[in-house]
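Q: Here's my sequence, what's the structure:
(one chain, ligands or ions: 1)
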Amino acid sequence: MASNESTAFAVNEQSSHACDAIIIGAGFSGLYQLHKLRDELGLDVVVLEKGDGIGGTWFWNRYPGARCDSESYYYCYSFNKEIEQEWSWSERYPEHPEIRKYLNFVADKLDLKRDIRLNTEVTSAAFDDDANLWTVQTKNGQFFSAPFLITAVGCLSTANVPDIKGLASFKGQWYHTGLWPHEGVDFSGKRVGQIGTGSTGIQTAPVIAEQAKHLTVFQRTANYSIPARNGPVTADDIKHTRDNYDEIWRLARAGTNGHPFTISTRSALSVSNAERQEIYEKAWERGGLRFRASFSDVLQNVEANLTASDFLRDKIKTVVKNPAIAEMLTPRDHGFATKRPPIDSGYFETFNRDNVLLVDLKAEPIVEVTANGIRTTKQDYALDIIVFATGFDALTGPLVNLNISGSQGIKLKDAWAAGPRTYLGLQSPKFPNLFTITGPGSPSVLCNMPIAIEQHVDWITNCIRDMRANGQKRIEANTDSTEKWVAHVNEAADATLLPMASSSWYLGANVPGKPRVFMPYAGGLARYTSICDDVAQSGYRGFALS
Ligand code: NA7
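A: The predicted structure follows:
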């Protein structure tokens, strides 16, 4: 017994690693943060990554049809001209393997992999007040310590598998889209049940329907969707983008959502019905998230929102042949874009197929999963495979699950029990020297992510650079600045229609028991960036530095 204990201790001692900064996660955020701290500040940095490859969100989300809703030419880094000029995307919306290929290309080009530890899952992180040091423990028994801890864990990385009675008794296979098997799933000849019709469910249903014998879609909340109009990127597109990257990035940073297009300055209510219809029609034909930018007030004014919602509801009727099914698919309980708007490739058309059935869970809730399928209050559906497209414990889930204890041992899960409390989404009081890239309270998921990530990473890097230049060892968000920021996040959300959608994951409503708090900052990326810059220029107002 004694010898076992001493052996275990020796292993831990041997595997403990001290460095200047620890980054958790090797997706878009972790890779860029590593590059900035290591190659610009010259720090000794380690990235700890749970997966056996890099890619973050895109390492895990490999479900059929998984692709990004931002367009490829701007779903990428903007910090390196060579990468910009050397890389070319093949499709308007990048599919998951191509995004991983891109991130591997970047990592190889910048020689990042030598500082990334794969298969290294963080199980806890604790702050030592006396030494101003974070110590991180991993599942394989390693310890890492550093003055700075930076989470780059993504906002949508904790799978939400609903706790449905009887799931363990199911004789078939079940999968969550966010934890998809790398070898893929063979749907041929299978009866598949898909639960969930968010962005993921809307992407995957058409692909599963083509491959499976039969698909039953279990829908709790009907959703709006805009056609993606995906297609190949041409040589002319690539040349045009490469020639115009400076302007593309300027536009992306100047906007609300980090997309390089401007939101119209006209109200939807300022034009005639005919003109409005024509504008929506053009946006529908062009496809993608840009539809939302057709007018200035789609997300600000209920009447304006209704014009967009009605337009999209009518489109469902024109696509879906069976009027009863079209009605089931028509969202009636929330306005367009008050929940994250999906974009699709043939979603509504899928319900015209003979091998696809739609089940309305509001009319017949799921009672249980049986050995042979799903039982609702009305009937049994025999299934071979269940696909959970049921989303994520968004924003807070990935952070709370790291089991973080801050100053005086306070746990992040307790500090955030009533909802996340951050200053600028970057730090939380009592968690000194811990930075949360795209944390709750920042624009994060309301943006094209790489642009939001770069803004955060640049700010964090500059902050650490300034601290080192000034001989400061500790930075901690003040409680009063945090309370004011939380109030401002609520105020920014309330100035939009976003809080209207009571089942939105922006509010945490998709996870039973999670506090209902609007989590991302809805004041827009440009405004947010200028607030962060101003805070830094003022000598980090709202933070305590020592
Ligand atoms: P979402 O958008 O959270 O969608 C999850 C879907 O699953 C949604 O339709 C939910 O219905 C449904 N859901 C969740 N729990 C259940 C249970 N218990 N029973 C039935 N249906 C359920 O996740 P996605 O993965 O689609 O998208 C996440 C983001 O990834 C997306 O917004 C983009 O930013 C990229 P609900 O609407 O809650 O009634």
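
Q: chain center to the one helix or strand residue 34 maps to, what's the gap?
A: Per DSSP states H and E, residue 34 falls inside helix 28-34. Chain-centre distance of helix 28-34: 15 Å, with CA atoms, centre = their mean, to the nearest Å.

Q: Likewise for stretch 474-488?
A: With CA atoms, centre = their mean as the basis, the mean position of stretch 474-488 lies at 24 Å from the chain mean.

Q: got the buried residues for it?
A: Taking 16 or more other CB atoms under 10 Å as the neighbour-count basis, stretch 474-488 is seen to contain the buried residues 474, 475, 476, 477, 478, 481, 482, 485, 486. For glycine as for every other residue, the C-beta is placed from the backbone atoms N, C-alpha and C.

Q: Relative to residue 466, which of those residues is nearest.
A: Residue 466 lies nearest to residue 475 out of the buried residues of stretch 474-488, by CB to CB, at 9.5 Å.

Q: shouldn't that closest one be in contact with residue 431?
A: No. Taking CB atoms under 8 Å as the definition, residue 475 is not a contact partner of residue 431, at 10.3 Å.

Q: Inside strands: which ones of the buried residues of stretch 474-488?
A: When DSSP state E defines the strands, the subset of the buried residues of stretch 474-488 inside them is 475, 476, 477.

Q: So which of those is the closest to residue 354?
A: Nearest to residue 354 among these: residue 477, at 57.0 Å, using CB to CB.

Q: Quick check: that closest one vs residue 532, distance?
A: 13 Å (CB to CB, to the nearest Å).

Q: Residues that sit against both of the two, list them.
A: With contacts defined as CB atoms under 8 Å, 6 or more residues apart in numbering, the residues shared by residue 477 and residue 532 are 424, 426.

Q: ok now do the residue of the stretch 51-200 of the chain found nearest the ligand, which residues does it touch?
A: Nearest residue of the stretch 51-200 of the chain to the ligand: residue 198, at 2.2 Å (CB to the nearest ligand atom). When contacts are counted by CB under 8 Å, 6+ apart, residue 198 touches 223, 339, 340, 342, 389, 391, 505.

Q: picking up where we left off before, tell me which of the ones in strands among the buried residues of stretch 474-488 is nearest to the ligand?
A: In terms of CB to the nearest ligand atom, no member of those lies closer to the ligand than residue 477, at 26.5 Å.

Q: So which residues on the stretch 151-300 of the chain come close to the ligand?
A: Counting by CB under 6 Å from any ligand atom, the positions of the stretch 151-300 of the chain adjacent to the ligand are 156, 162, 195, 196, 197, 198, 199, 200, 201, 220, 221.

Q: Same question for the chain.
A: Applying CB under 6 Å from any ligand atom, one finds that the chain approaches the ligand through 156, 162, 195-201, 220-221, 340, 361, 389-392, 445, 503, 505, 510.

Q: Which of the residues you listed fall in strands?
A: Among those, the subset assigned to strands under DSSP E consists of residue 195.

Q: and the residues of the chain next to the ligand, which are buried?
A: The neighbour-count criterion (16+ other CB under 10 Å) marks 156, 162, 195-201, 220-221, 340, 361, 389-392, 445, 505, 510 among the residues of the chain next to the ligand as buried.

Q: next helix or strand past the lowest-mean-pLDDT helix or strand in the chain?
A: Evaluated with mean pLDDT, DSSP states H and E, the helix-and-strand set of the chain has its lowest mean pLDDT in helix 2-14, which scores a mean of 37. For helix 2-14, the following helix or strand on the C-terminal side (DSSP H and E) is strand 16-18.

Q: What strands flank that following strand, and is each parallel or antiparallel?
A: Its sheet considered, strand 16-18 pairs with strand 143-146 (parallel) by DSSP bridges.

Q: May I have the following helix or strand past the strand it pairs with exported as CSV, CA atoms only?
A: Along the chain past strand 143-146, the next helix or strand (assigned with DSSP H and E) turns out to be strand 148-151. Once side chains and other backbone atoms are set aside, the C-alpha atoms of strand 148-151 remain, and they are given as CSV (Å, rounded to 0.1, in the frame of the first residue of the first chain):
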residue,chain,number,x,y,z
PHE,A,148,-2.1,32.5,-16.0
LEU,A,149,-4.9,30.1,-17.0
ILE,A,150,-6.8,30.7,-20.2
THR,A,151,-9.9,28.7,-21.1
